[in-house]
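A.B. asks: Below are the sequence and a predicted model for it; my questions follow.
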Amino acid sequence: NPLKRKFSVEANENAVAGAADSGVKVIVRMRPQNQDEEDGEMTVQKTSSDSLLISGQTFTFDAVADAGASQFDIFELVGGPLVENCLAGFNSSIFAYGQTGSGKTYTMWGPAHALSEDMLSTEQLGLTPRILERLFNRIDEEQLKHAGKQLNYQCRCSFLEIYNEQITDLLDPSQRNLQIREDTKSGVYVENLTEESVSTMKDVQQILLKGLLNRRTGATSINAESSRSHSVFTCIIESRCKSMADGLSTYKTSRINLVDLAGSERQKLTGAAGERLKEAGNINRSLSQLGNLINILAEVSQTGKQRHVPYRDSKLTFLLQESLGGNAKLAMVCAISPAQSCKSETFSTLRFAQRAKAIKNKAVVNEE
Ligand code: ADP
């Protein structure tokens, strides 16, 4: 179409560099000791800005954050770059991985009270609301910068949960057992999932509060608040730019997926039985399939040999396949606890994080 041509929303250089083969960015975040743990020795020590020591073994990632890191620091590490990538037209995802109680939910949303009332004045606010706030501010800036053009943005959000291999719409919980579809026009999507337009932080706040309230949690003997579901918050951003001088126009779209995974701890610890065991098996299906894919993709990246990647073997990996080795930039926040009692789970999270680091995605700008 001759009326369409490329335009560039000023993307920051980091966003565009590495577009073809983008490595997964892996951040490890260790939460502070809680009251019960305060007198105990810490199992993990941060030794530099990107490495940590556990049982005499050093692990290195893109960044390591300990109790001294604020929510704003974590946002600057992964949230700010995500917004720039997304404005440049890249799909971008953040996954929070780790055992129950390690700080995934705190990192992705912040504590529940931070999301109510004066949401934006709260230091404890997590990544998701901060990302949307930055996105809206940057959209305003871009529109000012392109004053000689008509530049319009549209943002739509959805929020779903995968629990027991079933997808529920968190914005309309009467919609259960939704199905994933795939076609050449839309790619992979969830049929009948609610999408709400957002343009202000008030809109975002309403969606987050509604969705998080509806998020199902199950009680186990290990932790009554244990989160046994995966939640996926998605924001689709579309921009249309028309030059007033010559009428030429361009269209860009990108998708942000913010994913709070179920606790990665081994289920045998929980003493689950009956329905719970079945449920645990299914939750493990999505998580263990994620682990499998990460192994396969790390091998493909390292050896260059092609292999079949069984994305469809779980709901989580089917839905998020673009984020895993495909057309998206991916950051993984691996949350760990400093407690002695969590040491073996911490080790297993760090090994997962190390494998994730080896994956290369193939992100491209989505524009016409
Ligand atoms: P998860 O989602 O991994 O199960 P949570 O996010 O619920 O874990 O965190 C467990 C507890 O630790 C919560 O009470 C949370 O507020 C607290 N917490 C986690 N990370 C931090 C942090 N960086 N600073 C302060 N408190 C934290």
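C.D. replies: Thanks, I have the structure now.
A.B. asks: Next SSE downstream of the helix or strand hosting residue 81?
C.D. replies: Using DSSP states H and E, residue 81 falls within helix 80-87. Proceeding N to C from helix 80-87, the next assigned helix or strand is strand 92-97, under DSSP H and E.
A.B. asks: Could you export that next one as PDB, CA atoms only?
C.D. replies: Provided in PDB are the C-alpha atoms of strand 92-97 (Å, rounded to 0.1, in the frame of the first residue of the first chain):
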ATOM      1  CA  SER A  92       7.300  -7.800  25.500                       C
ATOM      2  CA  SER A  93       6.700 -10.100  28.400                       C
ATOM      3  CA  ILE A  94       7.700 -10.400  32.100                       C
ATOM      4  CA  PHE A  95       7.400 -13.700  33.900                       C
ATOM      5  CA  ALA A  96       7.700 -13.900  37.700                       C
ATOM      6  CA  TYR A  97       9.000 -17.300  38.800                       C
END
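A.B. asks: Not counting its own residues, what contacts the next helix or strand after that strand?
C.D. replies: Moving toward the C-terminus from strand 92-97, the next helix or strand (DSSP H and E) is helix 104-108. The contact list for helix 104-108 (Cβ atoms under 8 Å, 6 or more residues apart in numbering) reads 29, 31, 71, 74, 94, 96-98, 124, 126-128, 227, 258, 260-261, 263, 333, 335. Backbone N, C-alpha and C define where each C-beta goes, glycine included.
A.B. asks: Just the ones in strands from those residues, please.
C.D. replies: 29, 94, 96-97, 258, 260, 333, 335 (DSSP state E).
A.B. asks: start to end distance for stretch 73-89?
C.D. replies: 24 Å (Cα to Cα, to the nearest Å).
A.B. asks: Okay, buried residues for that stretch please.
C.D. replies: 74-75, 77-89 (16 or more other Cβ atoms under 10 Å).
A.B. asks: between the residues you listed, which is nearest residue 363?
C.D. replies: Using Cβ to Cβ, residue 85 is the member of those that lies nearest residue 363, at 7.7 Å.
A.B. asks: I figured that closest one hits residue 329, correct?
C.D. replies: Yes - counting by Cβ atoms under 8 Å, residue 85 touches residue 329, with 5.1 Å between them.
A.B. asks: can you list residues touching both of these two?
C.D. replies: Both residue 85 and residue 329 are in contact with 92, 363, where contact means Cβ under 8 Å, 6+ apart.
A.B. asks: does the residue nearest to residue 69 when sequence neighbours are not counted have beta-bridge partners, and which?
C.D. replies: Setting aside the residues directly before and after it, residue 69 is nearest to residue 29 in space (Cβ to Cβ, 6 or more residues apart in numbering), at 6.7 Å. Beta-bridge partners for residue 29, by DSSP bridges, are residue 65, residue 335.
A.B. asks: before we move on, what about residue 259?
C.D. replies: On DSSP bridges, the residues paired with residue 259 through beta bridges are residue 95, residue 232.
A.B. asks: for it, what are its contacts?
C.D. replies: 93-96, 230-233, 320, 323.
A.B. asks: likewise residue 91?
C.D. replies: 254-257, 322-323, 327-329, 363, 366.
A.B. asks: same thing with residue 350?
C.D. replies: Neighbouring residues of residue 350 by Cβ under 8 Å, 6+ apart: 28, 52, 54, 59, 334, 336.
A.B. asks: ok, back up a step: tabulate the contacts of residue 91 in CSV, adding columns for pLDDT.
C.D. replies: Listed next are the contacts of residue 91 as CSV, based on pLDDT from 0 to 100:
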residue, pLDDT
254, 92
255, 93
256, 96
257, 96
322, 87
323, 88
327, 84
328, 86
329, 90
363, 78
366, 79
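A.B. asks: Now, those residues that are in strands?
C.D. replies: Applying DSSP E to the contacts of residue 91, the entries found in strands are 254-257, 329.
A.B. asks: Am I right that residue 235 is in a helix?
C.D. replies: No - Residue 235: not assigned to a helix; according to DSSP: H, G, I helix; E, B strand; the rest coil it is strand.
A.B. asks: Of all pairs in the buried residues of stretch 73-89, which one is the farthest apart?
C.D. replies: 74 and 89 (24.6 Å).
A.B. asks: residues from the stretch 101-250 of the chain in reach of the ligand?
C.D. replies: 101-106, 111, 227 (Cβ under 6 Å from any ligand atom).
A.B. asks: quick one, helices of this protein?
C.D. replies: Taking DSSP state H, the helices of the chain run over residues 13-16, 71-74, 80-87, 104-108, 112-115, 127-145, 201-214, 275-303, 315-319, 343-357.
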